[in-house]
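Colleague: pasting the sequence and the predicted coordinates here, then a few questions.
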Amino acid sequence: MLRILRQIFRTGIVTEPLPPEEEAKIELVGARLEESVKRVFAGSLTIRQVDAGSCNACELEIHALNNSIYNCERFGITFTASPRFADMLLVTGPVSVNMAIALKRTYDAMPPPKLVVAVGDCGYNGGIFGKSYASLGGVANVIPVDAYIHGCPPSPSVLLSGILEAVGARRLSIGK
Amino acid sequence: MTDTLHRALVADLRESNIIELPQGGATALRVPLPYFVRSAEVMKTAGARLAAEWGVDETPFGNGFAVWAAYNLGTEYLLVTAALDAAKPAFGTLTGQYLAAFRFERQIMSLMGLTVKGHPDPRPWIKHEDWPQDAYPLRKTCDASAPMPRVEGTYQWIPAVGEGVFEIPVGPVHAGIIEPGHFRFQAVGEKILNLEARLGYVHKGIEKRFESLSWQDAAKLAGRVSGDTTVAHALAYAMAVESAAGCAVPPRAQWLRGLLLERERMANHLADLAALCNDVAFAFGYYQFWNLRETMLRMNKTLFGHRLLMDAIVPGGVSVDLAEGAKEDIALEIHGVIAEFKRLMEIYDDNASLKDRLYGSGVFPQSAAFDLGVVGIAARASGQGLDARLQNPFPPYDTVVPKMHVLHSGDAHSRGWVRVEEVRDGARLIAEILAGMPTGATSAPLTAPAAGSAGFSAVEGWRGEILCWVQAGPDGGINRCMVRDPSAVNWLALEQSIKQDMVPDFPLVNKSFNNSYSGNDL
């Protein structure tokens, strides 16, 4: 136990502010961001992640959002197991034919307002896998998409700012 | 390379029946179809492991189909093939000799449409029940770009009946940030009677896709077979192509590849140790090990431009190099990671709650490991001395020799501990690779493989042995690219190791294998 405590104190707080270029992007969205998380999603954003056919690289980087360094919970972001609790669906991969039904069902199980963010170059247009007998291409070919986060895979800081941006944009469209 | 298997086959079938085919990376022998099953018997007697089995559509050459099998014994890989009839392609099952043939052949039946005579379980695999029955995407007659119609169909699960027996269906969408797959548990109370995995959800037509890409672009696809193993898969592909084309990779490129492969191994093992801690609710370990992984990914980004090292390996060499001062940066980084790792391991190894969950969970017996032909971490944790870095010791592994850590208890703990030892050994390998790094070019121009030539490679990724076999078509493009991820054999191990465990231990045992869904489904 003492060793654990000593190691915790040695490590200290390793959570980092986002890199400057990502911080700047968030500033573009403006100070209304926190307000939008509060107003639209009652103070916290709950994400259901679905791998619809990815190579699993995007999963690794999304997973990293939960580590001490990126620590997405500081922004009120948590991942949930049930789509019933989810505000946002974070989808990776080209949508495989074999996952299309499961993806649609997950989407249908979410309560509105539901925000869909497609992650990675594959989520955008199928990436290197393209469209084929087995791949339906980008996520938008199966469910409506609100925002994209590009990259192969996008780094954790790009993911974080992309998620926050998507929430900010949502607030604007709801205000209309 | 030894030739024990080659000699055994020639002695049994007689030379006149065997034709040696042009093939890089391994010896390839064509036997008459009636001898295909016999050759498996000879291989079994000789002590070989069935490493892969696949079908090839050779109609572009004016032939019919072909079935291939890859056997391994020690440092020898032997490929055995037989030609099949174009109209009614069929061959006898190898499941009588090798259990590992079970899934390989279900896949061959489902995707290539070859008949496997005598197979005990001809249910489709990867091909889901809503595909048209006659959809055989790996055949040349199938237009891969056309969308596939959905049809009505059902999948027949293996039933369990009896008082108190119930089923728990899990997936394809799981509770965490993980890949999709379906697991069907049959249980009595908390005790698991049987687990049947049903995969294929992330099948995106990778093997077919290869056939429409150039040799260069296909390297990018190979690097995305399983994102966590991008280096090893890209390397397996590159080596297969190079062996088909007779391309000599410069020494510096080979050593840089070794460096990248070992960095990938360390980073993934650290993530797995973190995940094992997470699955036993030891949050401290989860965050601490993950910090170490993050340190390595950031160094990857700084030195090689990509956190996961994607597209760093290209046919002919590597697309990255060590900049001024990079060696010192890596040495310092690894020194820091290992110092921290040592402190964490004192805690890990002395934690009663970790031991309580890891020891004795998900025992995969040594006999089953041998029979199923599992590879990599799962094999080494169950007494099998298999490591493709030793079986196929390409540079730098001919001079920088990995230490193989073989444990015998086959439980979740031993699979974790193999990783611990490999993190430690990885630090040594990286130091030795950096010390011996040759100077010179980092890539050689790749001439496309000649029409009809083929290449084979075996690479030890962090999970285990990856196999790749490429064949150039008559037009000089890719006629077939077979990829065998370690998960294609190791998923069977998970099913066998979970029997008699409790349902709540499944996530932990599953994580201790950490098989790839994408690499399996392709």
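Modeller: Right, received. Where do you want to start?

Colleague: helix/strand/coil for the closest residue to chain A within the stretch 51-200 of chain B?
Modeller: Taking Cβ to the nearest Cβ as the measure, the point where the stretch 51-200 of chain B comes nearest chain A is residue B:175, at 3.7 Å. From N, CA and C alone the C-beta is placed, and that goes for glycine too. Reducing the assignment at residue B:175 to three states with DSSP: H, G, I helix; E, B strand; the rest coil gives coil.

Colleague: quick one, what contacts the residue nearest to it when sequence neighbours are not counted?
Modeller: Using Cβ to Cβ, 6 or more residues apart in numbering or on different chains and skipping the chain neighbours, the partner closest in space to residue B:175 is residue A:81 (3.7 Å). For residue A:81, the set of contacting residues under the criterion of Cβ atoms under 8 Å, 6 or more residues apart in numbering or on different chains consists of A:48, B:175, B:176.

Colleague: where's the last one relative to residue B:279, distance?
Modeller: Meaning residue B:176. Using Cβ to Cβ, to the nearest Å, one gets 10 Å for the distance from residue B:176 to residue B:279.

Colleague: closest one to residue B:455 out of the contacts of residue A:81, please.
Modeller: Residue B:455 has its nearest neighbour among these in residue B:176, at 38.1 Å by Cβ to Cβ.

Colleague: list the contacts of residue B:265.
Modeller: B:422, B:426, B:461, B:462.

Colleague: residue B:426 and residue B:270 touch, don't they?
Modeller: No. With contact defined as Cβ atoms under 8 Å, residue B:426 does not reach residue B:270; the gap is 9.6 Å.

Colleague: got phi/psi on residue 94?
Modeller: Since no chain was named, I'll use chain A. As for residue A:94, its main-chain torsions (degrees, to the nearest 10) stand at phi -70, psi 150.

Colleague: quick check: it touching residue A:120?
Modeller: No. Judged on Cβ under 8 Å, residue A:94 makes no contact with residue A:120 at a distance of 9.1 Å.

Colleague: joint contacts of those two?
Modeller: Shared contacts of residue A:94 and residue A:120, defined by Cβ under 8 Å, 6+ apart, are found at A:54, A:127.

Colleague: more neighbours, the two?
Modeller: residue A:94 (33 against 29; other Cβ atoms under 10 Å in any protein chain shown).

Colleague: and the gap between that one and chain B?
Modeller: Summarising the geometry, the distance separating residue A:94 from chain B, computed by Cβ to the nearest Cβ, to the nearest Å, is 6 Å.

Colleague: roughly how far apart are that residue and residue A:42?
Modeller: 33 Å.

Colleague: count of neighbours near residue B:516?
Modeller: When neighbours are defined as other Cβ under 10 Å, residue B:516 has 26 of them.

Colleague: quick one on the thing from earlier: dump the contacts of residue B:265 into CSV; add neighbour count and pLDDT as well.
Modeller: Putting the contacts of residue B:265 into CSV (neighbours: other Cβ atoms under 10 Å in any protein chain shown; pLDDT from 0 to 100) gives the following:
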residue, neighbour count, pLDDT
B:422, 24, 96
B:426, 25, 96
B:461, 27, 95
B:462, 26, 96
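
Colleague: give the pairing partners of the top strand by length along chain A; include direction for each.
Modeller: For chain A, the longest strand by residue count, based on DSSP state E, is strand A:45-51. In the sheet containing strand A:45-51, the strands it pairs with under DSSP bridges are strand A:77-79 (parallel), strand A:88-92 (parallel).

Colleague: tell me the mean pLDDT for the following helix or strand past that strand?
Modeller: Past strand A:45-51, further along toward the C-terminus, the next helix or strand under DSSP states H and E is helix A:57-64. Per-region confidence: helix A:57-64 scores 94 on mean pLDDT.

Colleague: is chain B within reach of helix A:57-64?
Modeller: Yes. Using Cβ under 8 Å from any Cβ of the partner chain, helix A:57-64 reaches chain B at A:57, A:58, A:59, A:60, A:61, A:62, A:63, A:64.

Colleague: now chain A against chain B: closest residue?
Modeller: Counting by Cβ to the nearest Cβ, chain A gets nearest chain B through residue A:57, at 2.6 Å.

Colleague: now residue B:480: which helix or strand?
Modeller: Per DSSP H and E, residue B:480 falls inside strand B:478-484.

Colleague: dump that strand to PDB, restricted to CA.
Modeller: Included here for strand B:478-484 are C-alpha records, laid out as PDB according to Å, rounded to 0.1, in the frame of the first residue of the first chain:
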ATOM      1  CA  ILE B 478      -2.000  -9.000 -57.000                       C
ATOM      2  CA  ASN B 479      -3.900 -12.200 -57.800                       C
ATOM      3  CA  ARG B 480      -4.200 -13.200 -54.200                       C
ATOM      4  CA  CYS B 481      -3.000 -12.000 -50.800                       C
ATOM      5  CA  MET B 482      -3.600 -14.300 -47.900                       C
ATOM      6  CA  VAL B 483      -3.200 -12.800 -44.400                       C
ATOM      7  CA  ARG B 484      -3.200 -15.000 -41.300                       C
END
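
Colleague: what about residue A:16, how many neighbours?
Modeller: 11.

Colleague: that concludes my questions; thank you for your assistance.
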